[in-house]
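Undergrad: Build me a structure from this.
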Amino acid sequence: MEYYNGDSYDIAVIGAGHAGVEAALAAARLGMHTILFTISLDAVANMPCNPSIGGTAKGHLVREIDALGGEMGKAADKTFLQSRMLNRGKGPAVHSLRVQADRMAYHNLMKKTVEQQPNLDLKQAEVVELRTDGSGRISAVVTSLGAVHPVKSAVIATGTFLKGIVYVGDVSYPSGPDGLHPAGPLSDSLRGLGIHLRRFKTGTPARVHRGSIDFSQLEEQAGDEPVTPFSFETTEELHNRVVCHIAYTNEETHRVIRENIHRSPLYGGKIEGVGPRYCPSIEDKVVRFADKPRHQLFVEPMGMDTEEMYLQGMSSSLPEDVQIAFYRTIKGFEQVKVMRNAYAIEYDCVDPLDLKPTLEFKAVRGLYGAGQFNGTSGYEEAAAQGLVAGINAALELSGREQIVLDRAGSYIGTLIDDLVTKGCSDPYRMMTSRSEYRLLLRQDNADERLTPLGHEIGLISEERYERFLEKQRRKAEEIRRLEQTGIAPSEELNRMLVSRETAPVTSGARLADLLRRPQISYADLAPFDPERPELPRALAEVVEVEIKYEGYIKKQAAAVEQMRRLEEKPLPEGMDYREVRGLRLEAQEKLCRVQPRSIGQASRISGVSPADVSVLLIWLEQRGREDAQ
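TA: Modelled structure (predicted):
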């Protein structure tokens, strides 16, 4: 191949999925001359699996992305079809927003946002090689057409494209998602740089024709009204546009699958990659949960301008004829027409233990990883990592300190810490149970936790930051008013309290004390609170949660302080832990591999015991005394 000199850039982002788009926008908005490469311009911010944003814990990530100055939440608000708040029956820590999005509208909006962003070029090209200079820093990216683009940093966000192979029964072929061609040579280039790759697998259900479904046989699933927006900047009133539906598999469905399970490439051993533990295929569900008589599937539209319907919960790699057969056993699907068959896709991704908490590679300076390439699953996990990688690439080139989000401050911090400290043996999915500090990391207070940082970085405008500060002032003022305002007992008040199955009051009570009762809401007290200010619904919810759960919040805040004391004890970079006497062999190996930045991170490494942490603390103290002499 003959090479030619392409334009030079500060930062190259390889892959324009959800991770790549956030990385490129962040870098460009922070003043870096950035180029975003994609195998196809038609795949920018594509949703090859479910066209939805959010969900349990994932909704928290989208809120945090928005609070830092990212784009996903804004785009979701502008293109959603149906919105639901999940886990309403549980505590506020696990309330999670989820929207069904219009797939093409979301893609078009994100593509236009990228195209109109100053400092950012969008280019359809396959990157096949990364080059480094004599110091081990990334210096150029090379395309399949021979263009050599000098760069100072790069972010890899290749999704499922790297050496992608699609499986449908006994048929397999090289492919990226949605029939796009895969990326091949880049894997070999990465290995040549000392980066460890492995094979993961994911899958996607079929798309079927709306007109071939008998919706009268299905359960309706309406959205929630009023609609809660994802973005803290969205002020207009939003409304649901569609109704989704629920169907169920049955014993006949399961019989068809069991009788053909030998034709699955997963069970036949053709697929080497490890699949997502928390998003199993329908054949996995039938085998692993053989006692269940049925499984849910959610029938969701792909957009307003298409007849394609998405069957959430029915991913499969069985042959096409088997797929058609088992779909048609489902009530309402007897005449269903498959427009796109389900498939599994296997791809190369990195071992995230190769990454620093900044998402920069340990082996190559200026090179960052983000998204499914880092071993995760999900658009939201990808976008969160892309945002952090893009920010850090820009900060590093600007000579500013890179950000490391901690576990106590965000789900994004939990996600990245899990990846770079513990690694992952299957595609990582964010769940609320992964955080020790769930009550502090609610989606309603994501702006309070992260907007000041977004402003400091430069992604939150002064105007937006002033609005945020005003919101915080109003919140504190209202909490203080509720704590100080008393209410006298009355027949009407006690009637309301008894109707909510809580005790009446016989003497005066503070409004805050009544609100702390589990049965009483902020809205319940409105008729007895004539001095109440007009607050936006979202702000009223935050006030209620913080008063109601004040004791629990204080306990978690104390645990955070204890954790942060360990995080403030730094460990040296490039340390050979085999030299630390008293550490067990397994701990030495794990510490050398991960190279933790603090005692706190070391304590979370699988294979490092509390006794090993004690040894490290003693060693660190002795080292400090020696340095002081």
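Undergrad: So which elements touch the helix-or-strand element of the chain with minimal mean pLDDT?
TA: The weakest-scoring helix or strand in the chain, judged by mean pLDDT, DSSP states H and E, is helix 265-268 (a mean of 76). Where contact means 3 or more Cβ pairs under 8 Å, 6 or more residues apart in numbering; DSSP states H and E, helix 265-268 is packed against helix 282-288. Quick note: C-beta positions are derived from backbone N, CA and C, even for glycine.
Undergrad: Return the backbone torsion pair for Gln472.
TA: When quoted as degrees, to the nearest 10, the phi and psi of Gln472 stand at phi -60, psi -40.
Undergrad: Name the nearest residue to it, sequence neighbours excluded.
TA: Closest residue to Gln472 apart from its sequence neighbours, by Cβ to Cβ, 6 or more residues apart in numbering: Glu448 at 6.6 Å.
Undergrad: what about the one you found, which SS state?
TA: At Glu448, secondary structure determined by DSSP: H, G, I helix; E, B strand; the rest coil is helix.
Undergrad: what about the chain, any weak spots by pLDDT?
TA: Residues of the chain that meet the criterion pLDDT under 70 lie in 268, 278, 628-629.
Undergrad: Any idea which residue is closest to the centre of it?
TA: In the chain, the centroid-proximal residue (Cα atoms, centre = their mean) is Glu381; its distance is 2.3 Å.
Undergrad: could you say what helices and strands the helix or strand encompassing that residue packs with?
TA: If you go by DSSP states H and E, Glu381 is part of helix 379-397. Packing contacts for helix 379-397, counted by 3+ Cβ pairs under 8 Å, 6+ apart, involve strand 9-14, helix 18-29, strand 52-54, helix 58-68, helix 72-79, strand 147-156, strand 367-369, helix 411-417.
Undergrad: so how far is it from its chain's centroid?
TA: Computed by Cα atoms, centre = their mean, to the nearest Å, the chain-centroid distance of helix 379-397 equals 12 Å.
Undergrad: same thing with stretch 571-591?
TA: 32 Å.
Undergrad: May I have the residues that are in contact with the residue nearest to the centre of the chain?
TA: 58, 61, 371, 415, 428-430 (Cβ atoms under 8 Å, 6 or more residues apart in numbering).
Undergrad: can you check Ala389 too?
TA: 19, 23, 155, 157, 359, 368-370.
Undergrad: what about it, distance to Arg429?
TA: 19 Å (Cβ to Cβ, to the nearest Å).
Undergrad: same thing with Arg495?
TA: Plainly put, Arg495 is 47 Å away from Arg429 if you go by Cβ to Cβ.
Undergrad: And Ala559, by the same measure?
TA: From Ala559 over to Arg429 the distance is 25 Å, taken as Cβ to Cβ.
Undergrad: quick one, which of those two is more surrounded?
TA: Arg429 (21 against 13; other Cβ atoms under 10 Å).
Undergrad: ok, the more buried one touching Thr376?
TA: Yes: with contact defined as Cβ atoms under 8 Å, Arg429 counts as touching Thr376 (7.3 Å).
Undergrad: Show me the contact partners of the least confident helix or strand of the chain.
TA: Applying Cβ under 8 Å, 6+ apart, the contact partners of helix 265-268 are 167, 169-170, 172, 201, 261-262, 271, 275, 281, 283-284, 287, 317, 344.
Undergrad: How far off centre is it?
TA: 29 Å.
Undergrad: Mind listing what's buried along it?
TA: Across helix 265-268, burial judged by 16 or more other Cβ atoms under 10 Å covers 265-267.
Undergrad: Closest one of those to Leu405?
TA: Leu266 (35.3 Å; Cβ to Cβ).
Undergrad: Now do the closest one against Asn50, distance only.
TA: 20 Å.
Undergrad: and what of Pro177?
TA: To Asn50, Pro177 is 12 Å away according to Cβ to Cβ.
Undergrad: Name the residues contacting each of the two.
TA: Thr204.
Undergrad: hmm, back to that, distance to Glu579 added to the buried residues of helix 265-268, as TSV?
TA: Shown next, in TSV, are the buried residues of helix 265-268 (distance: Cβ to Cβ, whole Å):
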residue	distance to Glu579
Pro265	47
Leu266	45
Tyr267	47
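Undergrad: Okay, and Gln588 sits in which element?
TA: Using DSSP H and E, the element containing Gln588 is helix 585-594.
Undergrad: Hmm, I typed the wrong one, I wanted Gln556.
TA: Taking DSSP H and E as the definition, Gln556 sits inside helix 550-567.
Undergrad: How far off centre is that helix?
TA: Relative to its parent chain, helix 550-567 has a centroid offset of 24 Å by Cα atoms, centre = their mean.
Undergrad: Equivalent analysis for stretch 504-517, please.
TA: Chain-centre distance of stretch 504-517: 40 Å, with Cα atoms, centre = their mean.
Undergrad: Kindly report the same for stretch 560-569.
TA: Distance, stretch centre to chain centre, for stretch 560-569: 25 Å (Cα atoms, centre = their mean).
Undergrad: List the buried residues in that stretch.
TA: Buried residues in stretch 560-569, counted by 16+ other Cβ under 10 Å: 560, 563, 566-567.
Undergrad: Can you convert those into TSV and add a column each for distance to Gly399?
TA: Shown next, in TSV, are these (distance: Cβ to Cβ, whole Å):
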residue	distance to Gly399
Val560	30
Met563	30
Leu566	29
Glu567	24
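Undergrad: Tell me which two in the residues you listed are the farthest apart.
TA: Val560 and Leu566 (11.1 Å).
Undergrad: If you tally nearby residues, what's the number for Thr485?
TA: 14.
Undergrad: With the one 10 residues further on instead?
TA: Other residues within reach of Arg495, judged by other Cβ under 10 Å, total 11.
Undergrad: again with Val286
TA: 21.
Undergrad: correct me, but it touches Glu259?
TA: No: applying Cβ under 8 Å, one finds Val286 not in contact with Glu259, separated by 10.8 Å.
Undergrad: which of the contacts of Ala389 has the most neighbours?
TA: Busiest of these [other Cβ under 10 Å] is Ala23, holding 38 neighbours.
Undergrad: how about the nearest residue to it, chain neighbours excluded?
TA: Gly390 (3.3 Å).
Undergrad: OK, contacts around that neighbour?
TA: 11, 13, 22-27, 30, 155, 370.
Undergrad: Which members of those residues are the farthest-apart pair?
TA: Going by Cβ to Cβ, the pair spanning the contacts of Gly390 furthest: Leu30 and Ala370, at 15.6 Å.
Undergrad: tell me the contacts of Thr421?
TA: 594, 596, 601, 604-605.
Undergrad: and it, that's in a strand?
TA: No: per three-state DSSP, Thr421 lies outside any strand segment and is helix.
Undergrad: ok, back up a step: which secondary structure elements does the helix holding Gln588 sit against?
TA: Counting by 3+ Cβ pairs under 8 Å, 6+ apart, helix 585-594 packs on helix 599-603.
Undergrad: who's in contact with the helix it packs on?
TA: By Cβ under 8 Å, 6+ apart, helix 599-603 touches 357, 417, 421, 563-564, 566-567, 569, 571, 591, 594, 596, 608, 610, 612-613, 616-617, 620.
Undergrad: swap the cut-off to 7 Å and go again
TA: For helix 599-603, contacts defined as Cβ atoms under 7 Å, 6 or more residues apart in numbering pick out 421, 563, 566-567, 569, 571, 591, 596, 608, 613, 616-617, 620.
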